[in-house]
Each structure stands twice: as structure tokens, then as C-alpha cells.
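Visitor: Just need the structure, nothing else, for what follows:
(4 chains)
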2 protein chains.
Amino acid sequence: MIDLLLKINPEGEEFMARRKDHTHDEIREQALNVLMTHLEEAPADATSLRQIARQIGYSPGTLINIFGSYDQLLLSANARTLDLLASDLQNISKEYACPLSRLKAFACSYLRFAEQYNYQWQLLFQHRLPEEESVPEWQLQRINDLFAIIEQALSELATTVPESDLQQASRTIWASVHGICSLSLDDKLFAGSQTYGESMLDSLISHYVSDWRAQYNEPSQAIKG
Amino acid sequence: MIDLLLKINPEGEEFMARRKDHTHDEIREQALNVLMTHLEEAPADATSLRQIARQIGYSPGTLINIFGSYDQLLLSANARTLDLLASDLQNISKEYACPLSRLKAFACSYLRFAEQYNYQWQLLFQHRLPEEESVPEWQLQRINDLFAIIEQALSELATTVPESDLQQASRTIWASVHGICSLSLDDKLFAGSQTYGESMLDSLISHYVSDWRAQYNEPSQAIKG
DNA sequence: TTTATTTTTGAACACCGTTCACAATAAATA
DNA sequence: TATTTATTGTGAACGGTGTTCAAAAATAAA
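Guide: Next comes the predicted model:
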């Protein structure tokens, strides 16, 4: 049998199909590193499964074996991005005792992250899952952790607020902040870099929170409303 | 001449390369109609230049000749969508004398549009231009017209406001509304359709505007930062 | 009718994600 | 150790993509 093979493939020629000394986890790691590095200076559309495979010295099929599909490779990159973002926001938030400052710092960090990791951020939010495939568990968990930061700050600003109100307010703020960042990035034409987005974030949080807390902290006056 | 054709193309067989009785404008129209119809029930990724060409009975090259590229065909569809959205919002806004109600109706219409024309809306905002190709003129114009509606409402709520403040506030509101709609669409899992998004929009506008106008209408008190 | 011009084409190109029989390797067995 | 079995990675193939372009077809001009 070996003779037969040797006859068919007589020499040198660099045989492929050689099993490399990498575990699946190592290949995962390599592929994700290559992708994340790519995203540091070009959008996701500018690479491909084949390119990534070529760069780590494996065939496209191998990556499909490991990740299931190219979509899921992209999704794994999103997991990394979200982890980065979450730890960023959590660290920043820890540094602020004042809940209002904390909220603003949270929003600004979000914007800064979106600017710095532009293409990762784009992929994270623009990437649509095929069909009605549900958002993965870990992603919901990370997102909930981020909501918790906002909820915590809000609850410090206004005591005795029903949980459901806290949820709605924190979601409203998060979605608004997200929208401002999203629009701010597309709009590089108009505004001079981040100062514009930052002032919008400040405006949003100042005005929204100010009136929102008044609703709970000064129920007797009832001026606003 | 007719005889010649009949001889060359003796029957059925449907020869191609026959110059059809359509002007370029008509072909544009047909292609866009096919695309927009497709977007009524499937995302943009689910079709292609070739599919659209096939459906209108022309070759892919013809569409490239007319539109320049597939990207620009998609962009033309976005023009249509934006026109639809703009006229929708303008009509709705006309019906409300009260500026606050007008703002809320504006936001709700925006959300309803995003829900009804889901895939068109997705394409409109998720589609990234290649390179740093600038947003086309007409698109900026349409968007400015929409800002004008918000600015107008805000100026009715608070007189003697500097133009720059009006601009910032209207942009902040629009970006926030956009973010809420954007997130609300992705979140079909969580919420029971539109009621959730609507209440977030209401919360956003109520609180933000309430505090924002207080800044200008009650300058003597100076309670708010 | 012949010539020149415009329009549309279809084949070709270089890609893409995904599948799969089988070659190359490692592990288990005799 | 030699042989069988199981796993892992491959490369060719499939059907798709957007885009280019020589030439065919249809029209307009001479």
C-alpha cells in the first residue's frame, strides 16, 4: 500500500494532508487571532474563510470542521469583541463613585471603544444571524451584565424604583447611547472626530437622567411631566 | 428584416441578445421593483445581481452598464426607501399641532416603518459604502429634511434657542430614536412586538425634552446643570 | 443597401462558502 | 514489532458571486 502511494506521489513535492502539531483549540486561537488582527485595519467583508485558512496554513475545510461554518467563526470573533468591550466598560465603571459620572463614563467608553475597534464593533452589531437562529447564550449573558451596570447606577440615583422601571430606563439609555455611537461613526464627514459624539452623549444622559430621577425623587412637586 | 430575424430565430428557443423595447430608465425601474419586492420578505443578502437580472430578462452585464455596480443598485434602492420613509414621516408630522405629540408621532412612525419595511430599513442603514466613498448628495438632503422636522418641533417648545443647540438636540434625539428602533428590531425574542419599543421611545422623548426645554424656558431658576 | 454606432450578450475570470471521498497520520490491537 | 482501526486534514469539485470584455445583434446614418 505504501509502495503504491509512493509510486503515485513519487517525491518531494511537499505532500499536504500532513497532520500538524496543533490541537483544535490552538487552531481556533490562530484563526481568531488572524481575523481579529485583520479587523484592526479592514472591515470583515475584506477577508474570507479561505484567506484566513491560508494565513494559518490550513485548508478551508479544516476551519469548517472546527467552527462549523464561516458564520460561526465570525460569531466567535464577536464573542471576543464583546468580552473586550465588557471588561473595558466594567473597569471604567468601577472608577466612578458618582453614579451620574459613572453613566457618562460608561457611555464615553462605549463610544471610544467603537472608534478604536471600529471594524470589530461593526461586525458585532451588523452581523445578522442566518434565519431566526437565536442569539447565543453567552452573548445574552454579557449584555445583561452590561445592563446591570446601568441599572445599578440608576438605582443609586433614584431609590425605591420598581425593577421594571429600572429595566426600561436602562434599556432606553443603552439603546440611545448605542444609536448615538452608531450614527457618530458613520458621520465622520460632519463632525470633527469624537467631540461631537461625546457632547451628544452628555446631552442625552444629562437631560434624560435629570428628568427621570425627578419623577421618583420629588414626587410631591410634580412639576415635570 | 423581420423575415431575416424569423429565419435566424425560427421558433421558440427565445434567443438572447435581442435589444428589448425598454429604455434604460425602464430597466432601472424594473430592476428596482424586483429588488424592493424581494426586500418585502427577505434580506438583501438573499438575492443577487444575477438573480435580479434573470427576473427582468436581462443579463447581469446590462445592469452593471446601467447602475455601474451592484453596490450602486443597492444604493438606488436605499434612495427609494429613504423617500418612502421621509414622506411617511412628513405626512405624519403634519397632523400634529402640538410639538411634543409631533415628536412622539415622528418617533413612532419611524419605529413602525422599521418594522413594516424591515429588510429595506436594514439595507438602508447596514449597507456600508466601499472605501471612503462619500454619502450621496440626495441622501444628505433627505436626512436634513428629516432633521428639520425635529428642529422645528424643538424650536416651538423652547423659543430663543441658539441654532447650534437646536441642531445638537435634534441630532441627539434622532440618533437615540434610531438606536431604540434598531435594538428593538433585533430583540423580537424579548419583547412583545412594538409595545416595548414604543414605550422606550415615549420614555426617551418625554424625559429628554422635558429637561431640555426647562434649560431654556426657565433660565432664572437654574436648577438643572 | 451599405456602413457606422450603439446596446446587449455570454463566456471567462477570480473569487466565495461548503461538501466529501480519500490520503496522511496517530492510536489500538495482535 | 507489525498490522489493523480510527481520526484528522486535504484538495478537488460544486454551485454560487460581481465584474470585465470581445463580439454579436439591433439600430441609426450614409
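Visitor: for stretch A:121-131, which positions count as buried?
Guide: In terms of neighbour count (16 or more other C-beta atoms under 10 Å in any protein chain shown), stretch A:121-131 has its buried residues at A:121, A:122, A:123, A:124, A:125. All C-beta atoms are positioned from the backbone trio N, CA, C, and that covers glycine.
Visitor: Specify which member of those residues is nearest to residue B:116.
Guide: Sorting the buried residues of stretch A:121-131 by distance to residue B:116 puts residue A:125 at the head of the list, at 21.9 Å, by C-beta to C-beta.
Visitor: Got the confidence number for that closest one?
Guide: Residue A:125 is assigned a pLDDT of 91 by the prediction.
Visitor: The one 3 residues further on too?
Guide: Among the per-residue scores, residue A:128 holds a pLDDT of 75.
Visitor: Burial check on the nearest residue to it once chain neighbours are set aside, number of neighbours?
Guide: Using C-beta to C-beta, 6 or more residues apart in numbering or on different chains and skipping residues adjacent in sequence, the residue nearest residue A:128 is residue B:43, 6.8 Å away. A total of 16 residues lie near residue B:43 under the criterion other C-beta atoms under 10 Å in any protein chain shown.
Visitor: hmm, who's touching stretch A:35-52?
Guide: Counting contacts by C-beta atoms under 8 Å, 6 or more residues apart in numbering or on different chains, the residues outside stretch A:35-52 that touch it are A:31, A:34, A:60, A:63-64, A:70, A:73-74, A:77, A:80-81, A:117, A:119-120, A:122-123, A:127, B:128.
Visitor: Quick check: PyMOL command selecting the buried ones in those.
Guide: Only the buried entries of the contacts of stretch A:35-52 go into this PyMOL selection, using 16+ other C-beta under 10 Å:
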select buried, chain A and resi 31+34+63+70+73+74+77+80+81+117+119+120+122+123
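Visitor: quick one: which of the buried residues of stretch A:121-131 is nearest to chain B?
Guide: residue A:122 (7.6 Å; C-beta to the nearest C-beta).
Visitor: For the closest one, grab phi and psi.
Guide: For residue A:122, the backbone dihedrals (degrees, to the nearest 10) come out as phi -60, psi -50.
Visitor: if I look at the residue lying closest to it once chain neighbours are set aside, how far off is DNA strand D?
Guide: Among residues not flanking residue A:122 along the chain, residue A:43 sits closest, at 6.4 Å (C-beta to C-beta, 6+ apart). For residue A:43, the distance to DNA strand D under the criterion C-beta to the nearest atom of the strand, to the nearest Å works out to 16 Å.
Visitor: Find me the pLDDT at residue A:43, would you?
Guide: The model's pLDDT for residue A:43 equals 96.
Visitor: immediately after the strand or helix carrying residue A:35, which helix or strand?
Guide: Element membership of residue A:35, judged by DSSP states H and E, is helix A:24-39. Next in sequence after helix A:24-39, counting helices and strands by DSSP H and E, comes helix A:49-56.
Visitor: and the angle for that following helix with helix A:24-39?
Guide: For helix A:49-56 against helix A:24-39, the angle by axes from the mean of the first three to the mean of the last three C-alpha atoms, to 10 degrees is 110 degrees.
Visitor: now the helix or strand that helix A:49-56 is followed by, how far from the centre of its chain.
Guide: Beyond helix A:49-56 in the direction of the C-terminus, DSSP H and E gives the next helix or strand as helix A:60-67. Going by C-alpha atoms, centre = their mean, to the nearest Å, the spacing between the C-alpha centre of helix A:60-67 and its chain's C-alpha centre is 24 Å.
Visitor: ok, now stretch A:159-170?
Guide: What separates the centre of stretch A:159-170 from the centre of its chain is 25 Å, taken as C-alpha atoms, centre = their mean.
Visitor: quick one on the thing from earlier: could you single out the nearest of the buried residues of stretch A:121-131 to residue A:20?
Guide: residue A:123 (27.8 Å).
Visitor: returning to what we had before: I'd like the buried residues of stretch A:121-131 written out as a markdown table, with secondary structure added.
Guide: Written out in a markdown table, the entries for the buried residues of stretch A:121-131 read as follows (DSSP: H, G, I helix; E, B strand; the rest coil):
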| residue | secondary structure |
| --- | --- |
| A:121 | helix |
| A:122 | helix |
| A:123 | helix |
| A:124 | helix |
| A:125 | helix |
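Visitor: Would you mind putting those residues into a markdown table with distance to residue B:22 alongside?
Guide: Written out in a markdown table, the entries for the buried residues of stretch A:121-131 read as follows (distance: C-beta to C-beta, whole Å):
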| residue | distance to residue B:22 |
| --- | --- |
| A:121 | 43 |
| A:122 | 38 |
| A:123 | 40 |
| A:124 | 43 |
| A:125 | 40 |
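Visitor: okay but residue A:156 is in contact with residue A:99, surely?
Guide: Yes. Counting by C-beta atoms under 8 Å, residue A:156 does reach residue A:99; the two are 4.1 Å apart.
Visitor: Look at these two and report which has more neighbours.
Guide: In terms of neighbours (other C-beta under 10 Å), residue A:99 is the more surrounded of residue A:156 and residue A:99; the figures are 19 against 15.
Visitor: quick one, what contacts the more buried one?
Guide: Contact criterion C-beta under 8 Å, 6+ apart gives A:152, A:153, A:154, A:156, A:157 as the residues in contact with residue A:99.
Visitor: Give me the spatial nearest neighbour of the residue most central in space within chain A, chain neighbours excluded.
Guide: Closest to where the C-alpha atoms of chain A average out (C-alpha atoms, centre = their mean) is residue A:82, at 3.5 Å. Nearest residue to residue A:82 in three dimensions, chain neighbours excluded: residue A:142, at 5.0 Å (C-beta to C-beta, 6+ apart).
Visitor: residue contacts, the one you found?
Guide: With contacts taken as C-beta under 8 Å, 6+ apart, residue A:142 has the following neighbours: A:82, A:83, A:86.
Visitor: So the residue nearest to the second one when sequence neighbours are not counted, which state does it fall into?
Guide: Ranked by C-beta to C-beta, 6+ apart and with sequence neighbours excluded, the top spatial neighbour of residue A:83 is residue A:142, at 6.9 Å. Here residue A:142 is helix, with the state taken from three-state DSSP.
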